[in-house]
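Participant: Any chance you can model this:
(2 chains)
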2 protein chains.
Amino acid sequence: MKNIPNIIVSRLPVYLRALNHMQTQGQQTTSSQELGEFVSVSAAQIRKDLSQFGEFGKQGTGYSIAFLIKKLGEILKVDRVWDVAVIGMGDMGHALARYQGFTNRGFRVAMVFDNNPALIGKEVGGFVIQDAKTMLEAIRGAGIKIAMLTVPAAAAQEVADQIIEAGVKAILNYAPISLSVPAGVKLQYTDPAIGLQRMTYYLE
Amino acid sequence: MKNIPNIIVSRLPVYLRALNHMQTQGQQTTSSQELGEFVSVSAAQIRKDLSQFGEFGKQGTGYSIAFLIKKLGEILKVDRVWDVAVIGMGDMGHALARYQGFTNRGFRVAMVFDNNPALIGKEVGGFVIQDAKTMLEAIRGAGIKIAMLTVPAAAAQEVADQIIEAGVKAILNYAPISLSVPAGVKLQYTDPAIGLQRMTYYLE
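Facilitator: Alright, predicted model coming up:
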């Protein structure tokens, strides 16, 4: 497979979410123009991005939404269900364990961990909070490749090192700190301050 | 001011976070090489991005971290403190109201809202949850320009319309749904499923 620029890959989930929304509204086809307006990307960029992966639409008739959802799901490998571990069961961990937005989008929370004795053994969103001491073995045993990290900044790098040792290949980091990960491990930041700082540039 | 591509602006907060981290570690200078490795961007890209805004480093001696933090803060307009409203006090709203990662990064939560009678009047993270019915007036009265939206998907567009009417110009959307906003309003999505879908493409 040819090497697709990271920036293109990063836009596909946004297209997919918009298409799912259109489908929910009963819509069956869309155009690069309409999709572009929906996600604030130019129609030309959308056509260019999608053309990296093949021919998805016909000139004049637009895209079949169901077909495009199927194809994007395959490309992004979310046409399956990935088990995800949540490490750190503070407020954000609780929110993630109970998050309703993973359904039909390729993920399910499979296990949750914390190192706080007051939390270990408690139930959140149908999960029993497991002792972080057992994390390495549990994640390795279950073959989990994806983790969401919501531990305090001071602990984040150490926990990241541990879960990578356990076999995790993709980390969504909520801790407000930059992490170092080895080549072959993907890292995404979901830091509300970053999201806000991306907009203040444009404010008066 | 010249028109800086959105994609460059979106990388600056990531550089800023990395620089703050280096400074916390007692470091005083860095190079585009080192910073690039830290944030998984090429050194050439970092030099190119920063050169959009002026001369920030000297050939051979690298960047002063304190100077670069100051400059990026000015560029991103986070050299001040923006008041932010949180709409929706479910798990995610609670997490945001108590989030420790805004300090010194340009933001403070100023007010929080929900429409659930069981939540209105309760205190979370030092804030009294206000009735969403009073949201429009309260946000307008306080001149708040930034909101974080953590309401259910079905309510998100209606709430977005209301806070935009109240004067909000930047929305960080946690609801798992695409929103339509008028020109001049900035929108960022912070959707964990999107963060995860940006990585699964690369997993085996």
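Participant: for chain A, which spans come out with low pLDDT?
Facilitator: Scanning chain A for pLDDT under 70 picks out the ranges A:1-2, A:59.
Participant: ok now do the closest residue to residue A:186 other than its chain neighbours, which residues does it touch?
Facilitator: Nearest residue to residue A:186 in three dimensions, chain neighbours excluded: residue B:199, at 4.0 Å (C-beta to C-beta, 6 or more residues apart in numbering or on different chains). Just so you know, the C-beta spots here come from the backbone N, C-alpha and C atoms, and that holds for glycine as well. By C-beta atoms under 8 Å, 6 or more residues apart in numbering or on different chains, the contact list for residue B:199 reads A:146, A:170, A:172, A:186, A:187, A:188.
Participant: On the three-state scheme, residue B:199 is what?
Facilitator: At residue B:199, secondary structure determined by DSSP: H, G, I helix; E, B strand; the rest coil is helix.
Participant: Check residue A:118 too.
Facilitator: Secondary structure assignment for residue A:118 (three-state DSSP): coil.
Participant: what are the ranges of the helices in chain A?
Facilitator: Along chain A, counting by DSSP state H, helices occupy A:6-24, A:32-39, A:43-51, A:65-75, A:91-97, A:135-142, A:153-165, A:192-200.
Participant: so which of those helices gets nearest residue B:97?
Facilitator: With C-beta to C-beta, the closest approach to residue B:97 among the helices of chain A belongs to helix A:91-97: 8.4 Å.
Participant: hmm, the closest one in reach of chain B?
Facilitator: Yes - using C-beta under 8 Å from any C-beta of the partner chain, a contact is recorded between helix A:91-97 and chain B, made by A:91, A:92, A:94, A:95, A:96.
Participant: Tabulate those (CSV), appending neighbour count.
Facilitator: CSV is the format used below for the residues of helix A:91-97 next to chain B (neighbours: other C-beta atoms under 10 Å in any protein chain shown):
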residue, neighbour count
A:91, 20
A:92, 26
A:94, 23
A:95, 24
A:96, 27
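Participant: Just give me the residue right at the centre of chain A.
Facilitator: Centroid check for chain A by C-alpha atoms, centre = their mean gives residue A:172 as the closest residue, at 7.0 Å.
Participant: Quickly list what that residue is bridged to.
Facilitator: Going by DSSP bridges, residue A:172 is paired in beta bridges with residue A:148, residue A:188.
Participant: With respect to residue B:64, which of the residues of helix A:91-97 next to chain B is nearest?
Facilitator: Nearest to residue B:64 among these is residue A:92, at 33.6 Å by C-beta to C-beta.
Participant: quick one: that closest one from residue A:149, how far?
Facilitator: For residue A:92, the distance to residue A:149 equals 10 Å [C-beta to C-beta, to the nearest Å].
Participant: repeat for residue A:157
Facilitator: 10 Å.
Participant: quick one: which of these two has more around it?
Facilitator: Ranked by neighbour count (other C-beta atoms under 10 Å in any protein chain shown), residue A:157 and residue A:149 place residue A:149 first, with 27 against 18.
Participant: Show me the contact partners of the lengthiest strand in chain A.
Facilitator: Looking across chain A with DSSP state E, the single longest strand is strand A:107-114. Strand A:107-114 is touched from outside by A:78, A:81-90, A:93, A:96-97, A:99, A:102, A:120, A:124-125, A:127-132, A:134-135, A:138-139, A:142, A:144, A:146, B:193, B:196, with contacts defined as C-beta under 8 Å, 6+ apart.
Participant: and if we set it to 7 Å?
Facilitator: The contact list for strand A:107-114, computed with C-beta atoms under 7 Å, 6 or more residues apart in numbering or on different chains, reads A:81-89, A:93, A:96-97, A:102, A:120, A:124, A:127, A:129-130, A:132, A:135, A:138, A:142, A:144, B:193, B:196.
Participant: and if you look at stretch A:3-22?
Facilitator: A:30, A:35, A:38-39, A:41, A:49, A:52, A:65, A:68-69, A:72, A:75-76, B:7, B:177-178, B:194, B:197-198, B:201.
Participant: what do you get for stretch A:176-188?
Facilitator: A:153, A:156-157, A:160, A:164, A:169-173, A:191, A:193, B:17-18, B:21, B:38-39, B:101, B:195, B:198-199, B:202.
Participant: Mind checking which of those are buried?
Facilitator: Neighbour-count burial (16 or more other C-beta atoms under 10 Å in any protein chain shown) applied to these gives A:153, A:156-157, A:160, A:164, A:169-173, A:191, A:193, B:17-18, B:21, B:38-39, B:101, B:195, B:198-199.
Participant: if I pick residue A:166, what's in contact with it?
Facilitator: By C-beta under 7 Å, 6+ apart, residue A:166 lies in contact with A:135, A:136, A:139, A:140.
Participant: Neighbour-wise, which one of those leads?
Facilitator: Most neighbours among the contacts of residue A:166, by other C-beta under 10 Å: residue A:139, with 26 neighbours.
Participant: Setting the sequence-adjacent residues aside, check what's closest to it.
Facilitator: Closest to residue A:139 by C-beta to C-beta, 6+ apart is residue A:166, at 4.0 Å.
Participant: again, but for residue A:84
Facilitator: residue A:146 is the one closest to residue A:84 (C-beta to C-beta, 6+ apart), at 4.7 Å.
Participant: Residue A:47 now?
Facilitator: Spatial nearest neighbour of residue A:47, excluding adjacent residues (C-beta to C-beta, 6+ apart): residue A:32 at 4.8 Å.
Participant: Pull out the buried residues from the contacts of stretch A:3-22.
Facilitator: Buried among the contacts of stretch A:3-22 by 16+ other C-beta under 10 Å: A:30, A:35, A:38-39, A:41, A:49, A:65, A:68-69, A:72, A:75-76, B:177-178, B:194, B:197-198, B:201.
Participant: Before I go, just wanted to say thanks for your time.
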